[in-house]
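*Asks:* would you be able to build a 3D model of this:
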Amino acid sequence: MQQPIVSNPPAGKPSLARYLWQEWLRPTGEALLLALLNTTFAFTTVGVVGTSDLPNLHPGERLVVPKYQTWLHRFGIGSFKRGDLVVVKPPLTDPYAIQPLPLLGQFGVNFRPFFIKRIVALPGDRIRMEQGQLFVNGVAVDESHTVPYWRSLGQLDTISDRANSDAWPFRQGQTGEYVVPAGMYFVMGDNRSYGGSEDSRAFGPVSLDQIGGKASFVLWPPFRRDENGKWRINWRIMGTPEGFRVLEPGRP
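*Replies:* Now for the predicted structure:
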């Protein structure tokens, strides 16, 4: 005798709470979690605000920062090198370390921004600056990536406290060569005009924990007008200037 086919009873309508959880809250939460993990451990982007890295970075540009490199370095795998452009958190003692959040700043909502700077000296390096000329381990660094630009404009700073290492504020009266402490990095902006960059010359070296990553690629905008008004492709890799590459061991 043929047995009757009994189908499962139709499920009742899900509750509003269950519907919101399954269709909205859970997917949104998962997407936010993945985005957080990505920007914390994989990649993120940062925007350039201000002119402290002219002529190599321009206001409004956006750079890709591989965050995984920093995590590897913190576990002793690889290291940052002289000439790397990095994003750093300045110490809280710096007057620019806390900034008002756009639109919400008027209500007292602040944030701690990243600075984009170039590593010019590593832990243990001896560094000094005389009339705007940078010396690392006794070698005058060829900074052709930035100094000629400011000299051509007549704005190269050679006289201020920033341009002469004996007068760097954080040194508190110390003179002579400065030795970068173990685990610390000395960073400077490419803007070498008077007051053009807030960097380690003012607030001292930064620790590895303060470095958020290496700024490796300009992502936005894809096109930009050059000094002659002509449009050109703006995508570019932020390489290491040759003046810092020659400081590496084994190079002439």
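*Asks:* right, and residue 80 touches residue 73 too?
*Replies:* Yes: judged on Cβ atoms under 8 Å, residue 80 makes contact with residue 73 at a distance of 6.4 Å. All C-beta atoms are positioned from the backbone trio N, CA, C, and that covers glycine.
*Asks:* neighbours around residue 184, how many?
*Replies:* 20 (other Cβ atoms under 10 Å).
*Asks:* for residue 242, same thing?
*Replies:* There are 13 residues near residue 242, going by other Cβ under 10 Å.
*Asks:* next: residue 103.
*Replies:* Neighbour tally, residue 103, other Cβ under 10 Å: 8.
*Asks:* confirm that it lies within a helix, as I assumed.
*Replies:* No: going by DSSP: H, G, I helix; E, B strand; the rest coil, the assignment for residue 103 is coil, not a helix.
*Asks:* do I have it right that residue 49 meets residue 59?
*Replies:* Yes: at 6.5 Å, residue 49 counts as touching residue 59 under the criterion of Cβ under 8 Å.
*Asks:* low pLDDT regions in the stretch 51-200 of the chain?
*Replies:* Low-confidence regions of the stretch 51-200 of the chain, defined by pLDDT under 70, are absent; no residue qualifies.
*Asks:* which stretches of it form helices?
*Replies:* Along the stretch 51-200 of the chain, counting by DSSP state H, counting those that start in this stretch, helices occupy 67-74, 147-152, 200-203.
*Asks:* and residue 72, how far from residue 171?
*Replies:* 32 Å (Cβ to Cβ, to the nearest Å).
*Asks:* and for residue 95?
*Replies:* From residue 95 to residue 171 the distance is 18 Å (Cβ to Cβ).
*Asks:* more crowded one of the two?
*Replies:* Shown here are residue 95 and residue 171; by other Cβ under 10 Å, residue 171 has more neighbours (15 against 9).
*Asks:* contacts only, for that one.
*Replies:* 165, 178 (Cβ atoms under 8 Å, 6 or more residues apart in numbering).
*Asks:* and for residue 60?
*Replies:* Going by Cβ under 8 Å, 6+ apart, the list of residues near residue 60 reads 47, 48, 221.
*Asks:* could you find the closest non-adjacent residue to the last one?
*Replies:* So the one you mean is residue 221. What sits nearest to residue 221 in space, not counting adjacent residues and going by Cβ to Cβ, 6 or more residues apart in numbering, is residue 234, at 5.6 Å.
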